[in-house]
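# build me a structure from this.
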Amino acid sequence: MFGIGSTEVLIILAVALVVLGPKNLPGIARTVGKAMGEFRRASTDFQRTINAEVVLEEHEQKKKKEAEDRAAEEAVKAANVQAPEGEQPKDAA
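Presented below is the predicted three-dimensional model:
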């Protein structure tokens with residue numbers, strides 16, 4: 001948890017108890033807990049959105065690559081059909 005050990009947490013809680021008092025400490029702890037939960041939900045949602053965008057971009061790149069490959073294959077086939085019999089086009093190997 002942020003690189004804070006158990007000893008540091010106990011010291012922070014003791015100082016908070018002295019500074020804030022025993023009456024206000026539960027309410028403040030509840031507010032901090034709710035804020036941390038909301039932050040965790042927001043960061044998880046952000047991470048899911050980023051991951052979904054990455055997957056979508058990869059899918060689009062894959063489709064684009066497949067379309068380019070198909071176009072290249074069709075161009076080679078068209079060149080083979082147009083070439084005179086017995087001759088191979090220069091770019092076909």
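
# remind me, longest helix of this protein?
helix 25-82 (DSSP state H).

# so which elements touch that helix?
For helix 25-82, the elements it packs on are helix 6-20, judged by 3 or more CB pairs under 8 Å, 6 or more residues apart in numbering; DSSP states H and E. The C-beta positions use only the backbone N, C-alpha and C, and glycine is treated the same way.

# got the buried residues for the helix it packs on?
When neighbours are counted by 16 or more other CB atoms under 10 Å, no buried residue of helix 6-20 is found.

# between that helix and helix 25-82, how big is the angle?
Here helix 6-20 runs at an angle of 130 degrees relative to helix 25-82 (axes from the mean of the first three to the mean of the last three CA atoms, to 10 degrees).

# so for helix 6-20, mean pLDDT?
Mean pLDDT, helix 6-20: 88.

# what about residue 44, how many residues close to it?
Residue 44 has 10 neighbouring residues, counting by other CB atoms under 10 Å.

# try residue 29
13.

# per-residue pLDDT, it?
Per the predicted model, pLDDT is 86 at residue 29.

# how about residue 84?
pLDDT, residue 84: 58.

# how about the one 4 residues further on?
In this prediction, residue 88 carries a pLDDT score of 58.

# against residue 57, how distant is the most centrally placed residue in the chain?
Note on the chain: the residue nearest the mean C-alpha position is residue 51, at 3.0 Å, using CA atoms, centre = their mean. According to CB to CB, to the nearest Å, residue 51 and residue 57 sit 11 Å apart.

# tell me, how many residues neighbour residue 25?
Count around residue 25 with other CB under 10 Å applied: 15.

# give me the nearest residue to it, chain neighbours excluded.
Among residues not flanking residue 25 along the chain, residue 17 sits closest, at 5.8 Å (CB to CB, 6 or more residues apart in numbering).
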